[in-house]
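# I'd like to go over a predicted model; first the sequence, then the structure.
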Amino acid sequence: MNEPVPPPAVIDPDTLSAVIEALPVGVSVVDPEQRIVLVNPAYCASLDLPPNSFAPGMPLAQVLRASAYRGMYGPGDPETLAAELAALDLRRPGRLRRRTHNGRSYDVITAPLPDGGHVACAVDTTALVAARTEAETGVARLTSALATWRAGFAVFQPDRTLLHANLRFAGMLGLPANAVQAGMTLDVILDLIASREDFTGRDAEAFIAAQRALDRSAPSAVRRQRSNGQIIWIGSDPLPGGGWTITLADITLIATTEDEAQRRARSLSVVLETIPHGVCVYGADRRVTMFNRAYSEVMAGAPLATGDHMVDVIRRHAEAGEYGPGSPDRIVAEQLAFDITRPQMRQRHRPNGTTIVVRTAPLPDGGHIVVVTDITPLIKARAELSQRADEIAVMLGSVRQGILMWDAGKRLIASNGVAAALLNLPPGLLTPGRTGPEMVDDVLQRAGSGDGERARAVAQALLDQDRSVPHERTMTTRAGRVLELRSDPTPDGGWVTTITDVTEARRAEEELRRAKEAAEAANQAKSRFLATMSHELRTPLNAVIGFSDALLRESENPTPARVAEFARQINQSGRNLLDLINIILDVARIESGRFDLMSERVDIVRLVSTAVRQADAAAQAAEIALTAELPETLPMLRGDERRLAQVLRNLLSNAVKFTEIGGSVATGARLEPDGGLLIYVRDTGIGIPGSELDRVFEPFTQIESTLSRRFQGAGLSLYISRALVSGHGGTLALRSEPGKGTTAEIRLPANTLLTDVS
């Protein structure tokens with residue numbers, strides 16, 4: 001029998017109001033006239049307002065406007081938002097989510113009241129929204145990660161149906177991307193794999209059957225190769241709820257690398273067993289981990305076993321005399337002191353007479369490797385080679401020619417000391433093994449082939465030279481040696497360079513050439529002398545003979561005036577003949593070295609002035625202006641006044657002789673900046689070509705050298721004048737230009753001048 005349900009207890013309004021005020025959920029009550037009846041503190045807090053912000057009787061529209069202006073309903077015009085909320089039909093239940101300006105979220109749930117009003121509850125959903133957002137973000141990230149994961153991944157439920165699979169799962173099984181869908185069973189997927197015949201092999205059916213029957217409650221893994229050569233690792237791992245995951249990974253590269261590593265390991269083992277070098281490997285614990293057959297052969301008489309400790313091996317070898325005489329304890333200490341953390345190399349002579357080279361190098365795992373090589377044949381060959389090299393060195397050293405031997409790679413094989421001496425090279429530059437490009441610049445610079453572009457051009461020409469055919473060239477060193485270099489090919493593609501000092505031979509050739517030229521010049525001088533003298537001597541002799549004949553004819557009826565004229569002409573011709581003979585005697589004294597000069601005080605101003613006065617008559621006769629350009633005073637000169645006057649007369653005579661009518665001749669003297677004295681004779685005559693300026697100082701030489709030459713003279717004045725000036729320690733030089741005149745300059749050094757002018 002059902003007991004009657006007691007009526008609900010009536011709650012006191014004040015108590016109810018107190019309960020609503022204390023609720024953590026915001027509550028607001030609105031009457032049918034849309035006026036506020038009650039708003040608890042939690043509701044005010046949801047609007048980020050203090051408690052009692054809304055008084056009973058306040059219109060709901062005013063509350064909505066205040067909330068809109070505070071941004072409680074999102075962006076937009078507050079008036080429009082408030083109007084839209086006021087227009088809602090609150091006679092039906094509703095839900096509104098709003099977010100405050102401080103980032104909190106509230107769900108506002110409205111429900112109608114029997115009297116026509118409504119109640120609104122503001123529930124704080126900030127934590128819920130954050131948790132949902134975080135969960136959705138995590139799911140999106142996981143989905144994205146699974147989609148981009150380079151491995152295939154699938155999750156199966158306990159009933160063997162597919163819950164989720166990423167895109168690579170189907171592709172790595174050789175299936176189309178859309179062939180695998182959630183809800184499919186594992187058996188259906190295996191049927192699809194079998195129908196594609198992508199996983200080949202004689203045991204393909206057995207592989208499919210094994211996957212069907214596999215216990216998914218325990219982890220398992222299998223490797224399978226596809227028809228395209230791709231190798232797939234298939235792993236199955238159980239999940240807590242009874243389901244499981246399947247992971248597919250492409251291990252083609254790893255498997256290929258493993259196979260290659262195994263192949264290389266096998267190849268390395270074969271290499272270690274076939275190379276003639278002994279190899280022994282020590283682990284990080286300094287125990288022998290392996291050694292090859294060659295090690296036992298090279299180290300015959302020094303047994304070794306895998307697992308032996310390095311200290312025991314060293315002691316055993318020390319006691320057997322492998323390291324020479326000495327205490328085993330001392331030898332062990334010395335051998336252990338070597339730093340095996342870096343490569344080392346040592347050579348030692350074994351008790352059995354062989355010589356070995358021991359190399360050690362660290363290994364990445366902390367161990368080290370020892371490589372022993374029997375170099376006994378090499379030592380013997382080296383000794384024989386050294387003996388032959390010494391013999392060849394003695395032979396090359398005794399050869400008077402420099403010898404350089406090169407191989408086909410342009411590397412120096414051997415050289416002798418004569419080559420370095422001839423090329424002026426320091427010891428060690430001609431080192432065997434050096435290449436031509438390394439040496440050619442130094443050799444050319446030291447030997448004297450110049451610098452800069454010329455040296456580089458010579459170097460490049462030597463490097464580019466075809467050494468398969470013989471070559472010859474001549475080079476002059478900085479020391480003045482003349483070297484003849486000859487290159488001859490060798491059968492192996494190299495070549496031999498021989499260097500011969502031909503300085504003496506060239507000097508002899510040059511001396512022969514100069515002697516020949518001197519003989520030819522002497523012969524020409526003799527011809528010029530005979531031609532000149534025959535003319536110069538015949539002229540005064542003809543005058544003497546002619547006028548003496550006239551005197552004889554006048555003797556029967558002499559006229560004093562005519563006799564006096566004939567006598568004067570005979571006297572002048574005799575004097576000219578005497579002057580010519582004196583000149584010839586002067587030349588003879590100069591060439592024999594018996595030319596003596598007086599040492600007396602010479603007044604330069606007076607000397608020049610006197611020479612000008614003596615030449616003035618000839619200048620006036622030739623209608624040439626003759627001037628003297630002299631300072632008021634000049635220092636006295638220590639010299640031979642007569643000979644210096646002779647030089648000035650010769651120079652002035654030539655200047656007047658070779659200057660045309662209307663020209664000018666000027667002579668003068670002045671002190672030079674270096675303290676020396678300059679005496680010059682300058683004319684505006686016919687001038688001399690530059691190529692003839694040196695030749696005019698040769699004896700019996702004139703620019704016009706025929707017997708019918710335009711200007712008379714023996715061609716000795718300049719030769720004698722230069723010799724006289726040289727005897728005073730000075731120089732005589734000419735500056736000239738055809739058609740513009742000539743300047744003769746006498747320069748006497750400062751030590752010929754006297755400091756006092758008294």
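That came through fine.

# Specify the local secondary structure of Pro351.
coil (DSSP: H, G, I helix; E, B strand; the rest coil).

# That one: what's its closest spatial neighbour, skipping adjacent residues?
Distances taken as CB to CB, 6 or more residues apart in numbering put Gly321 closest to Pro351, at 4.5 Å, once the chain neighbours are dropped. Every residue, glycine included, has its C-beta placed from N, CA and C.

# so that neighbour sits in a helix?
No. Counting by three-state DSSP, Gly321 is not part of a helix but coil.

# Which positions in stretch 662-681 come out as buried?
Within stretch 662-681, the residues that qualify as buried are Gly663, Ser664, Val665, Ala666, Thr667, Gly668, Ala669, Gly676, Leu677, Ile679, Tyr680, Val681, counting by 16 or more other CB atoms under 10 Å.

# Tell me which two in those are the farthest apart.
Farthest apart among the buried residues of stretch 662-681 by CB to CB are Gly663 and Gly676. That separation is 29.1 Å.

# check which helix or strand covers the spatially most central residue of the chain.
The geometric centre of the chain, computed from its C-alpha atoms, lies nearest to Glu438 (CA atoms, centre = their mean), at 16.0 Å. If you go by DSSP states H and E, Glu438 is part of helix 436-447.

# pLDDT on that helix, on average?
Averaged across helix 436-447, the pLDDT comes to 67.

# where do the helices sit along the stretch 51-200 of the chain?
Using DSSP state H, counting those that start in this stretch, the helices found in the stretch 51-200 of the chain span residues 60-69, 78-86, 126-148, 167-172, 186-196.

# and the ones you listed, which one is worst for confidence?
Among the helices of the stretch 51-200 of the chain, helix 126-148 has the lowest mean pLDDT, at a mean of 65.

# Where does pLDDT dip in the stretch 401-550 of the chain?
427, 441-456, 458-459, 518, 521-539, 542-543, 547 (pLDDT under 70).

# mind checking how far the nearest residue to Gly103 once chain neighbours are set aside is from Leu512?
In this structure, Gly103 finds its nearest non-sequential neighbour in Thr126, 7.5 Å apart by CB to CB, 6+ apart. Separation of Thr126 from Leu512 (CB to CB, to the nearest Å) stands at 121 Å.

# More neighbours: these two, which one.
Using other CB atoms under 10 Å as the criterion, Thr126 and Leu512 rank with Thr126 on top: 14 against 10.

# any low-confidence regions in the stretch 201-350 of the chain?
201-202.

# Let me see the ranges of the strands in it.
In order along the chain, the stretch 201-350 of the chain carries the following strands (DSSP state E, counting those that start in this stretch): 220-225, 231-238, 244-250, 278-282, 288-291, 344-349.

# Now distance to Leu162 and mean neighbour count too, for the ones you listed, in CSV please.
Shown next, in CSV, are these (distance: least, CB to CB, whole Å; neighbours: other CB atoms under 10 Å):
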stretch, distance to Leu162, mean neighbour count
strand 220-225, 18, 14
strand 231-238, 14, 17
strand 244-250, 9, 19
strand 278-282, 52, 22
strand 288-291, 51, 18
strand 344-349, 63, 13
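
# Now tabulate these in CSV and tack on distance to Thr161.
Below are those laid out as CSV (distance: least, CB to CB, whole Å):
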stretch, distance to Thr161
strand 220-225, 20
strand 231-238, 16
strand 244-250, 12
strand 278-282, 56
strand 288-291, 54
strand 344-349, 67
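
# Run a quick neighbour tally on Ala255.
By other CB under 10 Å, 16 other residues sit near Ala255.

# Apart from its neighbours in sequence, what residue is nearest it?
Distance criterion CB to CB, 6+ apart; nearest residue to Ala255, sequence neighbours excluded, is Ile231 at 4.6 Å.

# how close does that neighbour sit to Arg196?
Ile231 is 17 Å from Arg196, where distance means CB to CB.
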